[in-house]
Structure formats: structure tokens, C-alpha cells
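Peer 1: Could you work out the structure for the sequence below:
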Amino acid sequence: MRVRSFPVVVAAVALFVLSGCAEVPETPGSGAKGESSSSPSPEPLAAEISPADGAKDVSVDSTVTVTATSGEFTSVKVAKPDGRTLPGSLSADKKKWTANELLDPALRYTVTATGQTGKVTSSFTTRSLSLAQQTFATIVPVDKSEVGVGMPVAAYFDVPVKDHASFEKRMHVTATPAQVGSWYWVSDTEARYRPQRYWKPGTTIKVDLDLNGASAGAGVYGQHSRTATYKVGDAHIIRVNARTHRMKVFSNGKLLRTIPATTGKPGFITRSGIKVISEKHRIKEMRSETIGISDQGSSDYYSLDDVEYAMRLTNSGEFIHAAPWSTGSQGYANVSHGCTGISTDNAAWLYGLARIGDVVETTGTDRKMEWDNGFGDWNLSWAEYQKGSAL
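Peer 2: As a prediction, the model looks like this:
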């Protein structure tokens, strides 16, 4: 759209009255007689604005641009009804302004472009969207938390994202110190990000999901941008060997404690692979129904209201927890329903040390850990993980 404003120019003409044949001497340096010495007037400001003035039902994934076709800008503001402005960048030659963010639905935006030679205004209205047409992102871990070296970034979406590539281009993870990483789309409602190797202890991670107004495909758009910044703590690595019935706990490479343990008995074999602590519960109810045993007459049925120091490893129900009922077998035999059981004293100590995102590496069984059973991302090779990116 071209909108032109014209500044008012006032010209003053001096009239000289000469008597007789007298000659008016020429001012030195003034040039030829009758030639004007004034500077040319600055160009009046004119601009092309997108979206166009008066446009309605503008898509929220539109980028506002204001381009000077005459003159240059001193400022450009794109305001919402509440007075908040859309951030943007002005080019070095002051002739083009580009918004740095996309738009909100069902709002009237007012554009005001100002220059030394005038002002241009415009307005447009964005399309209304229902909640079903917007997807809201939740970031895990939460802002300002401290996590273990194995914790991936997880982004959850309440409405499915069909255009993974469009979203992923606006999903940024910055690690300090820098570490190579990749997104992996678990599904249309979940994407995860991990580095090539475990995070370095002390890393600061900033997650910036610049998704407000971004197209998610199938007529769905991002609802609000989200950010989170958190820290990675010491490198806690817990190694469980189901054959030797031992757990070894390391911090930054130093062995802190060797603990007698019991893992899953036949029919309930504990998975071997890399797991990550995803939840911590001081007291946890545990029911055999969650692993498919509902017959109260079964010798494998259990209903426990107060399992202490429970740390979840898989979505399917594997935990590390206090198991005072099996201390006689800990260090000697595997008698659990798949969890890793240790004494109450050892469980209390480990619970106090451990944090969400700490790594548990289990060996000694022929049952493999599934990569998508909890935060099992580390069970995929780096090459496999990169293939999960949409870019």
C-alpha cells in the first residue's frame, strides 16, 4: 500500500525595487545573476506498508514490513490496542522496518511511521482464532531449575503440530558453554532436544520457543512464545549391574558409594540401557495394576501406600526406591517386579543426592530399554537422533 503525506512548504520571495538604471552588485560566490542559492526541499515521506491499510482477517503468521518509497524513517511503531508495541528492526539506511515477532489474533494494529519530512499511518486487523486453532507449548525442565547431565529439553504441545519444520525453525536452545545438539520429534505433541553427549556440568541452558503466531500446519498457530533458563549440576551417574546386584554412584567421575541392590525377577526383568530420573517422590503409592496385575489372589499382586524415596526411571513403572522387605536379597538375588530396590538408609542418601535428569545406566539383562519409555533419548545413537529433526 502506498500512503503519501505532503509537508507544508512556505516560500518567501524578496522583491527588490531598483531606481533608475542603478545596478545591484552581485554577491560574491552567488553564481550567475538570477540563480537561486537555496537547497532543494527534502523529499516528503511516503511508505508501503504490509499488511495493507484497512486489511481484515490478516493471518497471524504475517510479518509486518514498512518500506520508505520516499524519504527515510526516524521511527516506526506498530501498536496493539493496549499500547504495547511490536518489536522490530530498522535497516541501516533507515528505509525499511521489519517486525521481529508475529501477530496476535483478533487485534487491531496501528502503524505509525515517522520521518523528518512527515508521518504515515495505517491500521489492520488480525483474524480471530479459537483455542482449537492454537497450540500452547510447555517447557520441561521448568525455568530456574537445576537438572542432571542427562536431562533433555522437552516441549509439549496441547494441540498437534503438523508442520514440524516450520515450528522447529523457531525453537532455539542455547547452551553455555556451547554444545552440539539436535531436536527430535517424538510425536506431533512432543519434541525433545539433547546434546551429542551428556551435558557438561555447570552448563547454562536457555530455551526460546518463538512460536507465537507461527504456523503449526492444518490451520493451527502457536499461542504465545515461551522461554526457560536453567542450570546443569554435577555429573551424577548411577550404574546398576543386575548380575552383580550392585549399584555404584559416581559424582563428576568420583565413586561415592557402592550399594547392594535387587532388580527384576524372571517375568519382570529390569531393562538394560540408559535411563534418566524423571520424578522424585518422598512417599509414593505403588499398585500392581499399573504393571498389569489386578488379580488380588496372585502372588505377584501388591498394593503399597508408602514406598519411600521413589525415583522414577521409566513411564512403564521402573523406579529406584527403598525396599526394606527385600534387604535379605539385596546384593544377592533379583526379586523385584522390575524396580531397583535398595535399603531405606541407602535410598534416603541417594534421594538427597539425586536430581531430575541424573543418569542411571543399567546393565546385566537381555531386556533392552526403549528410547521412548521415559527420557530414554540416550538409547538412540547420535546419527539416529539427528534423523528425528525436521530440518
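
Peer 1: I'd guessed Ser75 sits against Thr114; true?
Peer 2: Yes: using Cβ atoms under 8 Å, Ser75 is in contact with Thr114, at 4.9 Å. Quick note: C-beta positions are derived from backbone N, CA and C, even for glycine.

Peer 1: Could you list the domains of the chain?
Peer 2: 2-8+43-126, 131-232, 236-378 (automatic domain parsing).

Peer 1: Tell me which of those domains sits nearest to Leu391.
Peer 2: Ranking those by proximity to Leu391 (Cβ to Cβ) places domain 131-232 first, at 5.5 Å.

Peer 1: strands paired with the host helix or strand of Trp185, and their directions?
Peer 2: According to DSSP states H and E, Trp185 maps onto strand 181-187. Partners of strand 181-187 in the sheet, by DSSP bridges, are strand 190-195 (antiparallel).

Peer 1: Provide the contact partners of the strand it pairs with at residue level.
Peer 2: 152-157, 161, 164, 167-168, 171, 173, 175, 179-186, 207, 375, 377-378, 385 (Cβ atoms under 8 Å, 6 or more residues apart in numbering).

Peer 1: so Ser41 is in which element?
Peer 2: Under the criterion DSSP H and E, no helix or strand holds Ser41.

Peer 1: ok, Ser75 and Thr114, which is more surrounded?
Peer 2: Taking neighbours as other Cβ atoms under 10 Å, Ser75 and Thr114 compare with Thr114 leading, 15 against 12.

Peer 1: Which residues belonging to the helix or strand harbouring that one are considered buried?
Peer 2: Secondary structure from DSSP H and E places Thr114 in strand 108-115. For strand 108-115, burial by neighbour count (16 or more other Cβ atoms under 10 Å) applies to 109, 111-113, 115.

Peer 1: Which neighbouring elements make contact with that strand?
Peer 2: Packing partners of strand 108-115 (3 or more Cβ pairs under 8 Å, 6 or more residues apart in numbering; DSSP states H and E): strand 46-50, strand 65-70, strand 75-79, strand 118-126.

Peer 1: For that strand, enumerate its sheet partners and note whether each is parallel or antiparallel.
Peer 2: strand 75-79 (antiparallel), strand 118-126 (antiparallel).

Peer 1: Adding distance to Ile320 and mean pLDDT, write those out as TSV.
Peer 2: TSV is the format used below for these (distance: least, Cβ to Cβ, whole Å; pLDDT from 0 to 100):
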stretch	distance to Ile320	mean pLDDT
strand 75-79	53	97
strand 118-126	50	97
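
Peer 1: can I get these in TSV with distance to Ile238?
Peer 2: Shown next, in TSV, are these (distance: least, Cβ to Cβ, whole Å):
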stretch	distance to Ile238
strand 75-79	52
strand 118-126	51
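
Peer 1: quick one, which of those is nearest to Gln223?
Peer 2: strand 118-126 (13.3 Å).

Peer 1: residues in contact with the closest one?
Peer 2: So strand 118-126 is contacted by 1, 3-7, 44-47, 49, 51-60, 62, 66, 71, 103-114 (Cβ under 8 Å, 6+ apart).

Peer 1: Can you say which of these are buried?
Peer 2: 3, 5, 45-47, 49, 51, 55, 58, 60, 62, 66, 71, 103-105, 107, 109, 111-113.

Peer 1: mind listing the helices for this structure?
Peer 2: For the chain, the helices defined by DSSP state H occupy 164-168, 344-353, 382-386.

Peer 1: pLDDT on the last one, on average?
Peer 2: Averaging the model's pLDDT scores along helix 382-386 yields 98.

Peer 1: now stretch 171-182
Peer 2: Computed over stretch 171-182, the average pLDDT equals 98.

Peer 1: Report the buried residues of it.
Peer 2: Buried-residue list, stretch 171-182, by 16+ other Cβ under 10 Å: 171, 173, 175, 179, 181-182.

Peer 1: quick one on the thing from earlier: now what about the strand holding Thr114, what contacts it?
Peer 2: Strand 108-115 is contacted by residues 45, 47, 49, 64, 66, 68, 71-81, 86, 97, 103, 119-126 when judged by Cβ under 8 Å, 6+ apart.

Peer 1: Could I have the buried ones of those as ChimeraX selection syntax?
Peer 2: Applying 16+ other Cβ under 10 Å to the contacts of strand 108-115, the buried members can be selected in ChimeraX as follows:
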select :45,47,49,64,66,68,71,72,73,76,78,86,97,103,120,122,123,124,125,126
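
Peer 1: circling back: make TSV from the helices and strands packed on strand 108-115 and add distance to Gly331 to it.
Peer 2: Shown next, in TSV, are the helices and strands packed on strand 108-115 (distance: least, Cβ to Cβ, whole Å):
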stretch	distance to Gly331
strand 46-50	71
strand 65-70	69
strand 75-79	68
strand 118-126	65
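
Peer 1: for the ones you listed, which one sits closest to Tyr301?
Peer 2: strand 118-126 (57.5 Å).

Peer 1: just how off-centre is that closest one within its chain?
Peer 2: 32 Å (Cα atoms, centre = their mean, to the nearest Å).

Peer 1: That one vs strand 65-70, what angle?
Peer 2: Strand 118-126 runs at 150 degrees relative to strand 65-70, counting by axes from the mean of the first three to the mean of the last three Cα atoms, to 10 degrees.

Peer 1: between strand 118-126 and strand 46-50, how many degrees?
Peer 2: 10 degrees.

Peer 1: Quick check: which ranges of this structure have low pLDDT?
Peer 2: The model of the chain has pLDDT under 70 over residues 1-40.

Peer 1: Burial check on Asn252, number of neighbours?
Peer 2: 12.

Peer 1: Kindly report the same for Glu285.
Peer 2: Neighbour number of Glu285 under other Cβ under 10 Å is 12.

Peer 1: I'd like to check which residues are in contact with the nearest residue to Tyr301 once chain neighbours are set aside.
Peer 2: The spatially closest residue to Tyr301, leaving aside those adjacent along the chain, is Ser288, at 5.0 Å (Cβ to Cβ, 6 or more residues apart in numbering). Taking Cβ under 8 Å, 6+ apart, we find Ser288 in contact with 294, 298, 300-303, 337.
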